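Q: sequence and predicted structure are below.
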Amino acid sequence: MNIKELLLFSYVFIIYFYYIIDYSFFILNGIGLLFSFIIILDIFLKKRPIKINFFLVLLFANILLFVFSYFWSIDQSEAFSIIRIVISIFIFSVFLYNYIDETRKIERILFYFVINALLISSYALIMFDYSKFGLRRFDIAGNPNHISILVFIAFCISFYFIFKKKRYLYFVLWPFYITFILFGGSRKVIFGIIISIVLMAILENIENPKRIIKTGILFVLLLLGFHQTITNVEMLEPTYNRMNNLVNSITSKNVSDGSLNERNIMTKYGIEYISEKPLIGHGVGQYREIFASEAVVGRETYSHNNFIELGVNNGLLGLILFYFLYFYIFYQFIKYGLVRDYLSKVMIILLSCIFVFGYGQVQYYSEEYYILLIITAKLIYLHKSTTYDKRKKIKSM
């Protein structure tokens, strides 16, 4: 492991242990800037140009909007705190993109997600006080929803190492991942596992409908087994209740789930705030300020919804600009026919799930999602370059 790989491993490690390690914000940004400096030095010494593509231009446009929104923000100190995070992420993203020049490097970074998910889930399963289980969320490692998503990311990535690279030992990781996710009780992550398996089955067997049907039958049996598990295992009763409340809320039944009701209120008010300044919004990080002034839930908080958060903070312009990052990658995936490439499929499924998770989580200043976006954008670029080189050789023959 060279210095660049060590810094990347450390960066991902801090993301996973962010709530446990003191001064994690400064350590994470320090590692990111040090990595960027080393890549700049490497580019300078080798006299190579800095690579910039359309995706990075889109990302820069997002950061630029965040920065400009400072001037019409209600609380400029809050806006500044978000702006410094996204600028740091942007700098790291640019040089991460320049660092990746082969699939092997992508695999290494993805491995760091897999191993750190094992570390954090093991830490949580060992350190949690089980006498309090059911009385409070499985939060020994930090926010259970956020950590569960980080573990879910590793779960999806492990598909590639197991089924494509034939590293079957990675199956050993699944009990740690799934146990943590079930104990964490994150509804969106549990549904994410279901969605990811369904999408993988469809994309993997897209040219063989009979296999999709067989896989579908197997999946239904697994789903029934999962239902029996969460309904009959006493320790999973809090998770079952959370899932049941979510289903009831979708079917318009009355629920006593304070979390769901509170989020519905936040969304309702968020739509009103968007209508007040629909084009450019109230300024980055300002949802919490406006919502606190309403004294609806008695505290200052973000919207728990990335779509609402972006719409309120940066208007429809910011909302469209941010999600154009995703749409551009999805378009490129389809355009270059990457459905046959296993790693590309895994990354697209993962980003699709993260896109859906945005309904229940604020994501636009989280480092892990930008890493996954950069990796997928570069993976598509590498495939595009390889295809171009092959065509060039054929023409020259």
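A: Perfect, I can see it now.

Q: give me the element Ile206 is part of.
A: Assigned by DSSP states H and E, Ile206 belongs to neither a helix nor a strand.

Q: and the strand or helix carrying Leu221, what other elements does it pack with?
A: Assigned by DSSP H and E, Leu221 belongs to helix 209-232. Counting contacts by 3 or more C-beta pairs under 8 Å, 6 or more residues apart in numbering; DSSP states H and E, helix 209-232 packs against helix 187-204, helix 237-250. Glycine gets a C-beta too; all of them are placed from N, C-alpha and C.

Q: pop the domain breakdown of the chain in here.
A: Residue ranges for the domains of the chain, per automatic domain parsing: 51-99+261-397, 112-256.

Q: make JSON lines out of those and add mean neighbour count and distance to Ile31.
A: Converted to JSON lines, those look like this (neighbours: other C-beta atoms under 10 Å; distance: least, C-beta to C-beta, whole Å):
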{"stretch": "domain 51-99+261-397", "mean neighbour count": "18", "distance to Ile31": "9"}
{"stretch": "domain 112-256", "mean neighbour count": "17", "distance to Ile31": "12"}
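
Q: ok, of the helices and strands packed on helix 209-232, where does mean pLDDT dip lowest?
A: Lowest mean pLDDT of the helices and strands packed on helix 209-232: helix 237-250, a mean of 69.

Q: and the next helix or strand past it?
A: Following helix 237-250 in sequence order, the next helix or strand is helix 258-276 (DSSP H and E).

Q: packing partners of that next one?
A: helix 237-250, helix 287-294, helix 306-335.

Q: apply 6 Å and report the result again.
A: helix 306-335 (3 or more C-beta pairs under 6 Å, 6 or more residues apart in numbering; DSSP states H and E).

Q: of all the domains of the chain, which lies closest to Ile20?
A: Ile20 lies closest, by C-beta to C-beta, to one member of the domains of the chain: domain 112-256, at 6.5 Å.

Q: re the thing from before, now the helices and strands packed on helix 209-232 as TSV including distance to Ile349?
A: Shown next, in TSV, are the helices and strands packed on helix 209-232 (distance: least, C-beta to C-beta, whole Å):
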stretch	distance to Ile349
helix 187-204	5
helix 237-250	22
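
Q: and of these, who's closest to Leu34?
A: Per C-beta to C-beta, nearest to Leu34 of those: helix 187-204, 31.8 Å.

Q: follow-up on the earlier one: nearest to Glu102 among the helices and strands packed on helix 209-232 would be which one?
A: Nearest of the helices and strands packed on helix 209-232 to Glu102, taken as C-beta to C-beta: helix 187-204 at 24.0 Å.

Q: now the angle between helix 258-276 and that closest one, please.
A: 80 degrees (axes from the mean of the first three to the mean of the last three C-alpha atoms, to 10 degrees).

Q: which other helices and strands contact helix 187-204?
A: helix 144-159, helix 237-250, helix 342-357.

Q: CSV for the domains of the chain, including distance to Asn29?
A: Shown next, in CSV, are the domains of the chain (distance: least, C-beta to C-beta, whole Å):
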stretch, distance to Asn29
domain 51-99+261-397, 5
domain 112-256, 18
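
Q: of these, which shows the lowest average pLDDT?
A: Note on these: lowest mean pLDDT is at domain 112-256, with a mean of 81.

Q: name the nearest residue to Leu8, ignoring sequence neighbours.
A: Spatially, and ignoring its direct neighbours in sequence, Leu8 is nearest to Ile109 (5.9 Å; C-beta to C-beta, 6 or more residues apart in numbering).

Q: mind listing the helices for the stretch 1-150 of the chain?
A: 3-16, 24-45, 54-68, 76-99, 103-127, 144-159 (DSSP state H, counting those that start in this stretch).

Q: which stretch among those helices comes nearest Arg288?
A: helix 76-99 (7.1 Å).

Q: what's in contact with the closest one?
A: For helix 76-99, the surrounding residues in contact (C-beta atoms under 6 Å, 6 or more residues apart in numbering) are 29, 32, 36, 39, 51, 63, 66-67, 70, 73, 283-285, 365, 367, 370, 374, 378.

Q: try 7 Å
A: Residues from elsewhere that reach helix 76-99, judged by C-beta atoms under 7 Å, 6 or more residues apart in numbering: 4, 29, 32-33, 35-36, 39-40, 43, 50-51, 56, 59-60, 63, 66-67, 69-70, 73, 105, 283-286, 289, 365, 367, 370-371, 374, 378.

Q: same question for stretch 308-325.
A: So stretch 308-325 is contacted by 58-59, 61-62, 65, 69, 267, 270, 273-274, 277-287, 302-303, 307, 362, 364, 373 (C-beta under 7 Å, 6+ apart).

Q: gap between that stretch and the chain center?
A: 17 Å (C-alpha atoms, centre = their mean, to the nearest Å).

Q: ok, stretch 111-125 next?
A: 16 Å.

Q: among the helices and strands packed on helix 209-232, which is nearest Phe128?
A: helix 237-250 (12.9 Å).

Q: picking that back up, per-residue pLDDT, the residue nearest to Leu8?
A: 97.

Q: any idea how far the helix holding Leu221 is from the middle of the chain?
A: With C-alpha atoms, centre = their mean, you get 26 Å for helix 209-232.

Q: then stretch 105-114?
A: 15 Å.
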